[in-house]
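>>> need coordinates for the following:
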Amino acid sequence: MSSSAPAQAPSPGIIFDTLQAYQRSVALKAGIDLDLFTAIAEGIHSLSAIATRINASEKGTRVLCDYLTIIGFLVKQGSQYGLTPDSATFLDRQSPAYMGSMANFLMSPQTVGLLEDITTVIRHGGALPNDNGALAPEHPMWVEFARCMAPMMQMPAESIAKLFAGGQAIRILDISAGHGLFGIAFAKHNPNVRVTGLDWANVLEVAKENAAKAGVADRYSTIPGSAFEVELGSGYDIVLIPNFLHHFDQDTNEKLLRKVHAALGPGGRAAIAEFVPNPDRVTPPIAAAFSMMMLASTPSGDAYTYAEIEGIAKSAGFARVEAAPEPLGIQTLVIAHK
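All right, here's what the predicted structure looks like:
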């Protein structure tokens, strides 16, 4: 394979850096756990004052702050530290867009442990059956997921609800509801919306809590169980399928979408939110790299391209498939029309 890029001398730098990449994760989690970003947001910028505020040694604080500056989470001028726009928005605990809770799930022993024997997983082509407890019914991992990952889904949920905005009465089914934010966003924007959340019974408790906080509990009902096994009902106007298809192979997803198609009323739509790589499968980086987590955590899941999702939906009976005009942050919304 030829390249027009100028030739560069070989360097071990990328190897050294990648083999130590875990340090980026643990340093960020330490900053979150110590409330470092919140302290700086409060106006504390000097090393000694930050160390006092987070109850840490000055040396440890200095090394952590410098490292977080190197990897792009802080800025440093002289001996003063400040937040980047991303850190100020998403890592200050007082920010309404705070996402620090994600570290509790993404860096939990359960999640990190999925990658411990990735060599065997690669040889096998997916997670081994005895390592796949996370997909078992009522697994507590998904309660933690629902609580910790909700902040990341708040903005995508709002974006989808606004895209479908309208005052008409509509029924919505939210498959793999988790925290429930996708369906709840619809109910908040439209008093005529009624939402049914489907997930494991223990996870649905989180969704019901969030529905109550949002003031829509009277329009939020639930179906506990597996989307592949329970009766979905019928006559829905919209079926939400956020971050679910990537857990399964294409044949399994087609079976699910056939069931969704049957549950939709005339003119109904399925709204599928996923990490969608380009056809080259290496861009955009975050969406494309998501396939590695699916390889490690599921027997047959993957990050599917738009063409693959379109093919699955059409094979399941949907007449037309389109991508939403605007991305959902790092994800894509695919809309399948009955």
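>>> need the residues that contact stretch 42-53.
Identification of contacts with stretch 42-53 by CB atoms under 8 Å, 6 or more residues apart in numbering yields 35-36, 39-40, 57-58, 60-62, 65, 79-82. Bear in mind the C-beta positions are built from the backbone N, C-alpha and C, glycine included.
>>> got a winner among these for most neighbours?
Within the contacts of stretch 42-53, neighbour counts (other CB atoms under 10 Å) peak at L36, which reaches 28 neighbours.
>>> still on that earlier bit, filter the contacts of stretch 42-53 down to the ones in strands?
Among the contacts of stretch 42-53, the ones falling in strands (DSSP state E) are 80-82.
>>> nearest to A287, out of these: which one, please.
If you rank the ones in strands among the contacts of stretch 42-53 by distance to A287 using CB to CB, G82 comes first, at 30.4 Å.
>>> the residue lying closest to that closest one once chain neighbours are set aside: neighbour count?
Leaving aside its chain neighbours, G82 sits nearest to V75 (4.7 Å; criterion: CB to CB, 6 or more residues apart in numbering). Neighbour count for V75, taken as other CB under 10 Å: 15.
>>> V75 - that's part of a strand, no?
Yes: counting by DSSP: H, G, I helix; E, B strand; the rest coil, V75 is part of a strand.
>>> so how far is G225 from the residue nearest to A263 when sequence neighbours are not counted?
Excluding the flanking residues, the one nearest A263 by CB to CB, 6+ apart is L232, at 4.2 Å. L232 sits 10 Å away from G225, taking CB to CB, to the nearest Å as the criterion.
>>> overlap of the contact sets of the two?
Counting by CB under 8 Å, 6+ apart, the contacts common to L232 and G225 are L198.
>>> if you count neighbours, what's buried in stretch 93-104?
Buried residues in stretch 93-104, counted by 16 or more other CB atoms under 10 Å: 95, 98-104.
>>> equivalent analysis for stretch 218-229, please.
By 16+ other CB under 10 Å, the buried positions in stretch 218-229 come out as 219-220, 222-225, 227.
>>> what residues are up against Y81?
Applying CB under 8 Å, 6+ apart to Y81 gives the contacts 40, 45, 47, 50, 65, 69, 74-75.
>>> quick one, strands of this protein?
In the chain, the strands defined using DSSP E lie at 74-77, 80-83, 170-175, 193-199, 220-224, 236-242, 264-274, 320-323, 332-337.
>>> can you show me the helices along the stretch 151-300 of the chain?
Along the stretch 151-300 of the chain, counting by DSSP state H, counting those that start in this stretch, helices occupy 181-189, 201-213, 250-263, 285-297.
>>> domain ranges for the chain?
As given by automatic domain parsing, the domain ranges for the chain are 13-100, 110-337.
>>> for A7, find the nearest of those domains.
Closest among these, using CB to CB: domain 13-100, at 15.9 Å.
>>> hmm, back to that, any chance of the buried residues of stretch 93-104 in a markdown table, with pLDDT and distance to H189 too?
Shown next, in a markdown table, are these (pLDDT from 0 to 100; distance: CB to CB, whole Å):
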| residue | pLDDT | distance to H189 |
| --- | --- | --- |
| S95 | 96 | 23 |
| Y98 | 96 | 22 |
| M99 | 95 | 22 |
| G100 | 96 | 27 |
| S101 | 94 | 24 |
| M102 | 94 | 25 |
| A103 | 95 | 30 |
| N104 | 93 | 29 |
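>>> using CSV, lay out those residues together with distance to S159.
Formatted as CSV, these follow (distance: CB to CB, whole Å):
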residue, distance to S159
S95, 19
Y98, 19
M99, 16
G100, 22
S101, 20
M102, 19
A103, 24
N104, 25
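>>> in helices, which of those appear?
102-104 (DSSP state H).
>>> which one of those sits closest to D17?
A103 (21.3 Å).
>>> shaky segments in the stretch 201-338 of the chain?
In the predicted model of the stretch 201-338 of the chain, no residue satisfies pLDDT under 70.
>>> that older thread, a markdown table for the strands of the chain, including distance to D280?
Putting those into a markdown table (distance: least, CB to CB, whole Å) gives the following:
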| stretch | distance to D280 |
| --- | --- |
| strand 74-77 | 34 |
| strand 80-83 | 35 |
| strand 170-175 | 29 |
| strand 193-199 | 34 |
| strand 220-224 | 39 |
| strand 236-242 | 25 |
| strand 264-274 | 17 |
| strand 320-323 | 17 |
| strand 332-337 | 15 |
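>>> out of these, which is closest to I309?
Nearest to I309, of all these, is strand 332-337, at 5.1 Å by CB to CB.
>>> so which elements touch the closest one?
Judged by 3 or more CB pairs under 8 Å, 6 or more residues apart in numbering; DSSP states H and E, the packing partners of strand 332-337 are helix 141-163, strand 264-274, helix 306-315, strand 320-323.
>>> now the longest one: buried residues?
Yep, that's helix 141-163 we're talking about. For helix 141-163, by 16+ other CB under 10 Å, it's 141-154, 156-161.
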